[in-house]
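No sequence on hand, only this structure:
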């Protein structure tokens, strides 16, 4: 399996929608063939449309954040660990507090262009839902957010924000009551309402076009970072490692997109999945734990499942990573040998949260804390010339209750 | 080539001047034993039995069928049990053609070829794969044909006419028309008149195909759609099983009575 150069990864699929000949595709009910076909035609047209891009750029570079989200060196943490330089791309500074704002804006813009007034989406950590509520409010769209009941309870601050922005939260009580069930339910809702409603999927998952739209949106992170690296170092450093947590994989693709054509030696990608509680049998780490290929939510990808194909329940302290599947883009990057994936436990993430917040003025949510855990582990063994960049893609405000419960008093 | 049992069932109904009644129940709902008893019992009134092999992430099913699927999985149903149920059902002297229905991941994990071989062995007559639309289903449809299994294509109100023509051209003896934009078991939100108008448009493309209507059909709505070649009732039966369990009644008797009543509406 080999990646092509000079072509965006999201566009490296065959005519049937498969990356690397086997990841992705369109495993959808007949009823969705037409809306997905229409969306595909529209998106492929608009992404080449000057006015659409102009509008997008305005939102991405002014509205999401005045200029690029910060790229900063974590001086104290670097000193404390005494190895590689640790940097952070602080995407959590984006409006709303996470990278999901990019996908939400694109979805709202597409929804408007289609003349639809209703916008639906799924959410795990609640950030995607929150961003859709923000974008919906701004663009004058009615937003429904499907969210597992367990997640509604554990991510209350984001739910409060969604409601304040006028979005309706639809609780999902089936299965494990987490992200996987929310995605299933929003797809069902869309099957019944696709004539009036636009669906924006919250990550680089589901059938081909949703993977592409989401990846196309989060890639803004990468475009900014490329410039910021040049501004900071004057040239591309020789050894860079880009660390990103991976649930569905939208922020990781967003961080890596522009660097895929570089050699692995120069720009190494490490994806960090959720291993769940220490010693737990349940996890949300299909790539690093060797899960089998399977169909989930419209696409073929590695997926936590049993021998017969029933999707496994997952467990993670971070609702945003608590998902049995993963983007076909990451399956492709893994099998092509371009990225590698590891898993960190709930305890690792909590420990990383303590360390990062002790040394830095940064408040990363539990999702990026999985990536910080890996950075903290590997940095001391690496040379001072190595640049570790962690995507701090979410703010811990939403994790207030969990952190209080697990770590006691917060700073 | 000899006429397939599915075609034969439709032929018989046409001779009787009524649509075929197709039932959908989930294998293993609420237990392996009970689901077989239900099939044996409804076989006296139904013309074709669709049997669902349950999946725990069913993206096109409404609440009733989800509940049935989760219940069956919780009660330990495995693919081997599904095949065993079909095999035992086929021993019934009043047996009806069997259509297996489910999601692609279950087939993919079983192995497509192995799955079809097993289907043939136990006497499955047709297959519906909910999340494998045309043209993605072309390969498996061909394999089905080789194994004398009807691969049943689905059409929906969103399917364009050009696409319909292509799908119908690739279809076997039976085609399934989804009545409305909905998951299974939704309330019929389109008038029967409109459904039949669409139905007739499809029928005109190729009269020889047996075209059935499904989604949202209940005892209240079934007689208004009598002009179709066949009508599928699924969620209403799953709901009846749930209700029976809740009221501590025998689901076999209740479901069987419901199918009997549905059948009576078609005479």
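Nice, thanks for sending it over. Predicted model only: the values in this text are computed from it and were never measured. Numbering: from 1, shown residues only, chains lettered A, B, ... in the order given.

mind checking how far whichever residue of the stretch 301-411 of chain A sits closest to chain B is from residue A:294?
Among residues of the stretch 301-411 of chain A, the one nearest chain B by Cβ to the nearest Cβ turns out to be residue A:309. It sits 3.6 Å away. (C-beta placed from N, C-alpha, C; glycine too.) In this view, residue A:309 and residue A:294 are 6 Å apart by Cβ to Cβ, to the nearest Å.

residues shared between the contacts of the two?
Contact criterion Cβ atoms under 8 Å, 6 or more residues apart in numbering or on different chains; residues shared by residue A:309 and residue A:294: B:105, B:108, B:109.

how far out from the middle of the chain is stretch B:231-245?
Relative to the centre of its chain, stretch B:231-245 is centred 13 Å away, using Cα atoms, centre = their mean, to the nearest Å.

what's the answer for stretch B:133-153, then?
In terms of Cα atoms, centre = their mean, the gap separating the centre of stretch B:133-153 from the centre of its chain is 16 Å.

pLDDT weak spots in chain A?
The model of chain A has pLDDT under 70 over residues A:409-411.

quick check: longest strand of it.
strand A:267-276 (DSSP state E).

in its sheet, what does the next helix or strand after that one sit against?
Sequence order places strand A:293-296 as the next helix or strand after strand A:267-276, per DSSP states H and E. Strands adjacent to strand A:293-296 in the sheet, as given by DSSP bridges, are strand A:299-302 (antiparallel).

what residues does the strand it pairs with touch?
Against strand A:299-302 from outside (Cβ under 8 Å, 6+ apart): A:18, A:22-27, A:205-208, A:211, A:286-287, A:291-294, A:325-328, A:330-331, A:334.

Tell me the gap between that strand and the middle of its chain.
Averaging C-alpha coordinates over strand A:299-302 and over its chain gives two centres that are 16 Å apart (Cα atoms, centre = their mean).

now swap in stretch A:359-369 and tell me
16 Å.

Quote the end-to-end distance of that stretch.
Its first and final residues considered, stretch A:359-369 spans 14 Å by Cα to Cα, to the nearest Å.

got it, and stretch B:99-113?
End-to-end distance of stretch B:99-113: 17 Å, with Cα to Cα as the criterion.

is any part of that stretch close to chain A?
Yes - Stretch B:99-113 reaches chain A (Cβ under 8 Å from any Cβ of the partner chain) through B:103, B:104, B:105, B:106, B:108, B:109, B:110.

before we move on, back to that, got the contact list for the residue nearest to the residue of the stretch 301-411 of chain A closest to chain B when sequence neighbours are not counted?
Nearest non-adjacent residue to residue A:309, counting by Cβ to Cβ, 6 or more residues apart in numbering or on different chains: residue B:109, 3.6 Å away. Residue B:109 makes contact with A:292, A:294, A:305, A:307, A:308, A:309, according to Cβ under 8 Å, 6+ apart.

do residue B:151 as well
For residue B:151, the contact set (Cβ under 8 Å, 6+ apart) comprises B:126, B:127, B:137, B:140, B:141, B:144, B:145, B:171, B:172.

quick revisit: following element in sequence after whichever helix or strand the residue nearest to residue A:309 is part of, please.
Here residue B:109, judged by DSSP H and E, is contained in helix B:104-110. Secondary structure here is assigned by DSSP H and E; on that basis, the next helix or strand after helix B:104-110 toward the C-terminus is helix B:112-122.

where along chain A do the strands fall?
Listed in chain order, the strands of chain A (DSSP E) span A:18-19, A:23-24, A:71-73, A:85-89, A:118-123, A:142-148, A:168-172, A:197-200, A:240-245, A:267-276, A:293-296, A:299-302, A:339-345, A:387-391.

Redo those as a markdown table? Include mean neighbour count.
Rendered in a markdown table, the data for these read as follows (neighbours: other Cβ atoms under 10 Å in any protein chain shown):
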| stretch | mean neighbour count |
| --- | --- |
| strand A:18-19 | 24 |
| strand A:23-24 | 28 |
| strand A:71-73 | 17 |
| strand A:85-89 | 26 |
| strand A:118-123 | 28 |
| strand A:142-148 | 26 |
| strand A:168-172 | 19 |
| strand A:197-200 | 25 |
| strand A:240-245 | 26 |
| strand A:267-276 | 25 |
| strand A:293-296 | 24 |
| strand A:299-302 | 27 |
| strand A:339-345 | 22 |
| strand A:387-391 | 27 |
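
quick one, phi psi at residue B:156?
Its backbone dihedrals place residue B:156 at phi -130, psi 170, with angles given as degrees, to the nearest 10.

Spell out which parts of chain A neighbour chain B.
Of all the residues in chain A, those in contact range of chain B (Cβ under 8 Å from any Cβ) are A:16, A:25-35, A:174-175, A:180, A:184, A:187-188, A:191-195, A:292-298, A:305, A:307-311.

count of residues packed around the closest residue to residue A:342 other than its chain neighbours?
With Cβ to Cβ, 6+ apart as the criterion, residue A:342 has its nearest non-adjacent residue at 5.3 Å, and that residue is residue A:288. A total of 21 residues lie near residue A:288 under the criterion other Cβ atoms under 10 Å in any protein chain shown.

hang on, residue A:288 packs against residue A:273?
Yes - checked against Cβ atoms under 8 Å, the pair residue A:288 and residue A:273 is within contact range at 5.2 Å.

Next, show the common contact partners of the two.
A:341, A:342, A:343.

got the contact list for residue A:281?
When contacts are counted by Cβ under 8 Å, 6+ apart, residue A:281 is found next to no other residue.

Next one: it relative to residue A:41, how far apart?
Using Cβ to Cβ, which is the criterion applied here, residue A:281 is 44 Å from residue A:41.
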